[in-house]
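Participant: What would the 3D arrangement of this be:
(chains A, B, C and D)
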Number of protein chains: 2
Amino acid sequence: MSMGTIQPVARATLEDVARAAGVSLATVDRVVNRREGVRAKTVARVEAAVAKLGYRADVAAARLARGQSFRFAFVLPTGSNSFMTNLTEQVARTADWLAGQRGFIDILHVDVFDPDVLAGALENLSPAYQGVAVIALDHPRVRAAIDELAARGVAVVTLVSDAPSSRRLHYVGIDNPAAGRTAATLMGRFLSGREGRVAVIAGSLSLRDHTERQFGFHQILTSEYPDLTALPAIEGRDDSERTRKLTAALLERHADLRGIYCCGAGNRGIAEALEASGRARDVVWITHELTQHTRRFLVRGTLDAIINQDPGHEARSAARVLLAHCMEEPISSDQERIRIDIFLRDNLP
Amino acid sequence: MSMGTIQPVARATLEDVARAAGVSLATVDRVVNRREGVRAKTVARVEAAVAKLGYRADVAAARLARGQSFRFAFVLPTGSNSFMTNLTEQVARTADWLAGQRGFIDILHVDVFDPDVLAGALENLSPAYQGVAVIALDHPRVRAAIDELAARGVAVVTLVSDAPSSRRLHYVGIDNPAAGRTAATLMGRFLSGREGRVAVIAGSLSLRDHTERQFGFHQILTSEYPDLTALPAIEGRDDSERTRKLTAALLERHADLRGIYCCGAGNRGIAEALEASGRARDVVWITHELTQHTRRFLVRGTLDAIINQDPGHEARSAARVLLAHCMEEPISSDQERIRIDIFLRDNLP
DNA sequence: CAGAATTTGTGTTGCGTACCTCAAAAAATG
DNA sequence: CATTTTTTGAGGTACGCAACACAAATTCTG
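Facilitator: This next block holds a predicted model:
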């Protein structure tokens, strides 16, 4: 048995460092907090002692002494679908966790899909917030509102839906073109050897994430699976009833419809239409977001795969990124990268 | 980007609660820390004040005042494959994070695959540890060693590989039968419409996680994909060269070999054999664990899918579970559930 | 109603750090 | 060498809570 590095039982304190370096507490404090007025030679001595003792500031004590606290706003859509409901709940949980860390999250519900309303909400945000997480829209007014917040020194992260050319600090969400490509590869492989058409249903073609997914999907489908032809995307507006009708019409019109890729919401409508048509087992259906509904459809076999982004991870990541920025700490980028999950019936969490 | 003035946010302290409840600080302390000697009526009054003010203990201050610190041992395998190397690095990072929280992690390297050596290591563990995370073996001696630690009051979590009937506190890892089922579904669907044989390569059939994966794989393949026949599992002993030879022999013997499921390590050998045979594009190969090697094979198209468990998540989860147990805090079970990731070329992180 | 038992209040200390002031020492300058 | 400037030291306070000792008030008991 080989042992790893054995660390000291009790951690070194600032006083230990001061004693080891032969300087006073005040000087050590000046060095570790990067204040002015210390000779380079002394800095080096202190830093050597820090390294030798493996000193690390006790975050609990530091936080207590600083007494800082933070207030963040999470701007989320009103009402809306299962995914957004999940996300809201996860943000609430994150808020609960943050409350123990002197961080406060206010959830503001806004009609996120209207650029003017969203931009207005951002512009009128109380100056009490040090950070904002927002489900963004890629629209000039929204971009301008984000840039203005950034200019005021407010940290802005975009959540789930990005505003790429804005001055947001960070985007917390998945790579949507890659998600579309993933869906296409699954579709292509699940349908290997068969010819026919594949339908693409989006919520709205003016939502950046939906068009990006669609783009990725088409890209792979046309280049890798020439036997499959993608139909022009149709807009279900994330509405179940409208989506049901559209899907039913598609099934009726195209006897050679082999697959459906839904890159938005409205999944209940698709399930109804598919099951009513009797072709549920035959048509490969791939959609986004694990919700109570999509889970049921997947277990039942109507749905074949779910491309998912974990709202819990996204909520926590947004909070961590904002917190880290306010405390001028680095973030570990691979922990904050939101993965594109694939769920089949067998690996549902 | 400079921050504006940091505005302190009012946060209820113990004193506020005492004032609101009309009692002294000591009484509030007795109530919130569940000490004896307070009348039910007073308890109720204090709790009402806590609820009304939304009081939450400042975790930083509490931790500082308590001054407790924790020491955990992570028992990991010596040398070993890419996955274990990754895991070790992630544990080291977690240790770094925990060091700021008064937690210390020692990494002990042991030959985990020998039950006697592993059990011996656990038995001889320094009593300084309040918690242990171990890549377990499902073996009587190991179980006994875990139970003895548990009896001594040491929190034990099993990591990656479980010892189900032991008194371990928690298992941090994936559901291996489900992982096998997931692999089978992918295999079956990727090969839809084709007939033939599928090879199963395990590291060792005496490793519980490998046999469990195999079990799940066979279960789904035989019940759902009758056109595919699984060959008896062979043991590659996680050794690339041995695995290469075995794979080459399989390819030679079975002209109708359509797929390979590898539920252990030794992937470099499989890749070599597949590429040498010229059937790399034709045979569907699915394996476990995202490493630098498997990533390369996936991008190149030799490998078709990776079933993965995130070692970073596992390391952090183990630490969180141990820490929560030591501080008698609850754990949020869905954050600690390790997911079965599926990676295709398109959704690689 | 005295005495005992229980409940509550007062007060103190310490955790490790941040941040501040003021004085003392050392170094740099003319 | 005297003076200015820079660097360092000493010491204090505050953060919010835990933990404890001991006194005071209240309730219960016979």
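
Participant: Now for residue A:165: which residues touch it?
Facilitator: A:138, A:143 (C-beta atoms under 8 Å, 6 or more residues apart in numbering or on different chains). Heads up, the C-betas are built off the backbone N, CA and C, glycines and all.

Participant: in stretch A:218-225, what's buried?
Facilitator: By 16 or more other C-beta atoms under 10 Å in any protein chain shown, the buried positions in stretch A:218-225 come out as A:218, A:220-221, A:225.

Participant: now stretch A:101-112
Facilitator: Residues of stretch A:101-112 classed as buried by neighbour count (16+ other C-beta under 10 Å): A:101-105, A:108, A:110, A:112.

Participant: and the stretch 51-200 of chain A, which residues reach DNA strand D?
Facilitator: With the criterion set to C-beta under 7 Å from any atom of the strand, the stretch 51-200 of chain A comes near DNA strand D through A:61, A:64-65, A:67.

Participant: what's the farthest-apart pair in the residues you listed?
Facilitator: Greatest spatial distance in those: A:61 and A:67, 11.6 Å, computed using C-beta to C-beta.

Participant: and these two? which has more neighbours close in?
Facilitator: Counted by other C-beta atoms under 10 Å in any protein chain shown, residue A:61 and residue A:67 do not tie: residue A:61 has more neighbours, with 16 against 12.

Participant: quick one: that one from residue B:65, how far?
Facilitator: 10 Å (C-beta to C-beta, to the nearest Å).

Participant: likewise residue A:122?
Facilitator: 40 Å.

Participant: likewise residue A:251?
Facilitator: Counting by C-beta to C-beta, the separation of residue A:251 from residue B:65 is 66 Å.

Participant: higher neighbour count, these two?
Facilitator: Neighbour count, other C-beta under 10 Å: between residue A:251 and residue B:65, residue A:251 has more, with 19 against 12.

Participant: Mind checking what secondary structure that one has?
Facilitator: Here residue A:251 is recorded as helix under DSSP: H, G, I helix; E, B strand; the rest coil.

Participant: pretty sure it is touching residue A:275, no?
Facilitator: No: using C-beta atoms under 8 Å as the test, residue A:251 is too far from residue A:275 to be in contact (10.8 Å).

Participant: following the helix or strand bottoming out on mean pLDDT in chain A, which helix or strand shows up next?
Facilitator: Ranked by mean pLDDT, DSSP states H and E, the weakest helix or strand in chain A is strand A:2-3, scoring a mean of 46. Sequence-wise, the next helix or strand downstream of strand A:2-3 (DSSP states H and E) is helix A:14-21.

Participant: got the buried residues for that next one?
Facilitator: Buried residues in helix A:14-21 (16+ other C-beta under 10 Å): A:14, A:16-21.

Participant: Could you list the residues in contact with the host helix or strand of residue A:293?
Facilitator: Element membership for residue A:293, per DSSP H and E: helix A:292-300. Residues external to helix A:292-300 that are found in contact with it (C-beta under 8 Å, 6+ apart): A:82, A:267-268, A:271, A:285, A:287, A:303-306, A:343-345, A:348.

Participant: what pLDDT, on average, does the helix or strand following that helix get?
Facilitator: Using DSSP H and E, the helix or strand that directly follows helix A:292-300 along the chain is strand A:305-308. Mean pLDDT, strand A:305-308: 98.

Participant: just to revisit the earlier point, which neighbours do residue A:61 and residue A:67 have in common?
Facilitator: Between them, residue A:61 and residue A:67 share no contacting residue, judged by C-beta under 8 Å, 6+ apart.

Participant: before we move on, the earlier item: got the CA positions of the helix holding residue A:293 in CSV?
Facilitator: Provided in CSV are the C-alpha atoms of helix A:292-300 (Å, rounded to 0.1, in the frame of the first residue of the first chain):
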residue,chain,number,x,y,z
GLN,A,292,-42.7,14.0,-16.9
HIS,A,293,-44.4,13.8,-20.3
THR,A,294,-41.4,12.9,-22.5
ARG,A,295,-40.3,10.4,-19.8
ARG,A,296,-43.7,8.7,-20.1
PHE,A,297,-43.6,8.6,-23.9
LEU,A,298,-40.0,7.2,-23.8
VAL,A,299,-40.9,4.4,-21.4
ARG,A,300,-44.0,3.6,-23.4
